[in-house]
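Visitor: mind folding the following:
(chains A, B and C)
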Amino acid sequence: MSRLQLLISAIEFAATIAFAVSGCMEAARKRMDVVGVFAVAFITAFGGGTVRDILLDRRPFFWVEHQAYVWLVFGLSLVAVPLLQARHHRITERAMLIPDALGLGLFSATGVGLAHDMGMPMFVSALMGVITGVFGGVLRDVICNEIPYVFRDHRPYALCAFVGAWGYLLLDALAAPPVVALFASAALVAGLRLVAVWRGWSVPSWP
Amino acid sequence: MSRLQLLISAIEFAATIAFAVSGCMEAARKRMDVVGVFAVAFITAFGGGTVRDILLDRRPFFWVEHQAYVWLVFGLSLVAVPLLQARHHRITERAMLIPDALGLGLFSATGVGLAHDMGMPMFVSALMGVITGVFGGVLRDVICNEIPYVFRDHRPYALCAFVGAWGYLLLDALAAPPVVALFASAALVAGLRLVAVWRGWSVPSWP
Amino acid sequence: MSRLQLLISAIEFAATIAFAVSGCMEAARKRMDVVGVFAVAFITAFGGGTVRDILLDRRPFFWVEHQAYVWLVFGLSLVAVPLLQARHHRITERAMLIPDALGLGLFSATGVGLAHDMGMPMFVSALMGVITGVFGGVLRDVICNEIPYVFRDHRPYALCAFVGAWGYLLLDALAAPPVVALFASAALVAGLRLVAVWRGWSVPSWP
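Guide: Predicted coordinates:
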């Protein structure tokens, strides 16, 4: 079990960096100052879980329990301003694809599990999974005065989280142990997301 | 009493559709994908009540208790992408005017009633009524990267809800039964709104 | 102690006006109607404390306990539309500099104190102080469809609140009485902010 915990912590760590870095890049594109870079990185990294916990009325937040993550995002923001050049954006985005997909998987699987444990109805639990995975990015884009990317890029991202969330609920209904449901669901989300990027899948558009 | 419940449920149902459809249309105007259409429809339909319940610290949310409404909005979003053409927008908006006004009435009357029952001060209760009625639309516009329509169109919408909310509080102070206050307030809001649209009333503008 | 309470109330009063006026001006720039002016003024004045209280799960909100402030902001919004001309904006902004700095100090010191009393970790407490001081302005800009000014103007504002919040935590660690920590922190924030404006300090920018 301690190995499992270690694996989860490693994914959590990598994913938090991936999410925070995407916040730093968006803030840099908008020429924000260091306060803005930190705020947007923080909101991108922890926004999804925070919105879920506000909706489910859970406290303390993830970032209150794990203050080290707040320091991590703070440190990233400080080095982002001098180090992150516009010409690095593309490489950085590519490097973040895998940790981002793993984070989407882990966070949405955790979200659906938490909501389900609290007795939420199925569809609501699935939505809580998706919110946990994607709302950090939604809030990032709202703060940066953009229409949320995840709502308009016609690429499966929230959809992967949604499918994976139902996967969790199905496995739970089949009496799979929570750990199995969590990992299978997270792997399904991350796998779907990576295949979708790799094969260039797109969501049907307006006629 | 069961007839009354049926009437309330019917208004609730029609109003939820009206609110969700206004979200679908706004998302369509922004060329969002199906994820965005569902998210915006959902937020428009349930955002007002959700913000009120977060402020009042009430759980579970309306859409958690009535999972069927989440499915309804989900279904609407799925049919919106293939069916809703730009040329239908004007007709759809007109068709939604009456259910939207009824929903504004019902939701703001419910909001002020809930806040008042929880012992909130009068002005705060009135604001909770207005928030319940209009904040779905405010969040819709924020997500769609617009200045909220209700704050800038110089047409009475939130004002109708505000007047109706004070109507509720007045009736309650006069010891009217809650059901009477609820219906009178909702009817006042919906009536004011429809007359305002019909007569083209407008709010004083900047000099 | 009653003199202290009076002083706090006086700063609170002046700062609430300063925050609300900045909301009125931003709403006026966007040609909002009276509903929008009130909404933006309200959100600017009470948004920071409200976000903090939602995050800390504290109720009732400041503006629920002090209904008079809601009436004050309401009154300000009503007179803003006929009275506030575009040519007054610059003078008004200058007149508001000192009450705004005092409010930033008082609100952020109160925020860090509350979070610290609830046993939040140090960094989280400091962030709660900053959020209390600046999130009203952040929400104002999001509603007005702007990138938050405090994230991009390269002037120390949130940073002053951040430094002052750590000042509070330091004094508390040195066993200073809460009242002393509160006033010293508030004075530090307000002083830093006024010096920063006066000397034209700026935050390092992108290369």
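
Visitor: for chain C, what's its nearest residue on chain A.
Guide: Nearest residue of chain A to chain C, counting by Cβ to the nearest Cβ: residue A:36, 2.9 Å away. (Glycine included, C-beta is placed from N, CA and C.)

Visitor: residues contacting that residue?
Guide: Counting by Cβ atoms under 8 Å, 6 or more residues apart in numbering or on different chains, residue A:36 touches A:27, A:30, C:147, C:148, C:150, C:151, C:152.

Visitor: you'd agree residue A:76 is up against residue A:17?
Guide: Yes. Residue A:76 lies in contact with residue A:17 (Cβ atoms under 8 Å); the separation is 6.9 Å.

Visitor: coming back round to it: so can I have CSV of the contacts of residue A:36 showing secondary structure and distance to chain B?
Guide: Output for the contacts of residue A:36, formatted as CSV (DSSP: H, G, I helix; E, B strand; the rest coil; distance: Cβ to the nearest Cβ, whole Å):
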residue, secondary structure, distance to chain B
A:27, helix, 17
A:30, coil, 14
C:147, coil, 11
C:148, coil, 13
C:150, helix, 18
C:151, helix, 16
C:152, coil, 17
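
Visitor: could you single out the nearest of the residues you listed to residue C:49?
Guide: residue C:150 (15.9 Å; Cβ to Cβ).

Visitor: so which bits of the one helix or strand residue A:185 maps to are buried?
Guide: Using DSSP states H and E, residue A:185 falls within helix A:178-199. By 16 or more other Cβ atoms under 10 Å in any protein chain shown, the buried positions in helix A:178-199 come out as A:181-190, A:192-194, A:196-197.

Visitor: who wins for neighbours among the contacts of residue A:36?
Guide: residue A:27 (31 neighbours; other Cβ atoms under 10 Å in any protein chain shown).

Visitor: what's that residue in contact with, if anything?
Guide: Applying Cβ under 8 Å, 6+ apart, we find residue A:27 in contact with A:36, A:37, A:39, A:40, A:41, A:80, A:144, C:151.

Visitor: just residue A:134 next, same as before
Guide: A:48, A:104, A:108, A:150, A:157, A:158, A:161.

Visitor: what do you get for residue A:30?
Guide: A:36, A:144, A:145, C:147, C:152.

Visitor: separation between the closest residue to residue A:180 other than its chain neighbours and residue A:108?
Guide: Leaving aside its sequence neighbours, residue A:180 sits nearest to residue A:171 (Cβ to Cβ, 6 or more residues apart in numbering or on different chains; 6.6 Å). Here residue A:171 is placed at a distance of 14 Å from residue A:108 (Cβ to Cβ, to the nearest Å).

Visitor: more neighbours: which of the two?
Guide: Ranked by neighbour count (other Cβ under 10 Å), residue A:171 and residue A:108 place residue A:108 first, with 33 against 19.

Visitor: where's that one, which helix or strand?
Guide: Using DSSP H and E, the element containing residue A:108 is helix A:89-117.

Visitor: relative orientation of that helix and helix A:178-199 in degrees?
Guide: Per axes from the mean of the first three to the mean of the last three Cα atoms, to 10 degrees, the angle that helix A:89-117 makes with helix A:178-199 is 150 degrees.
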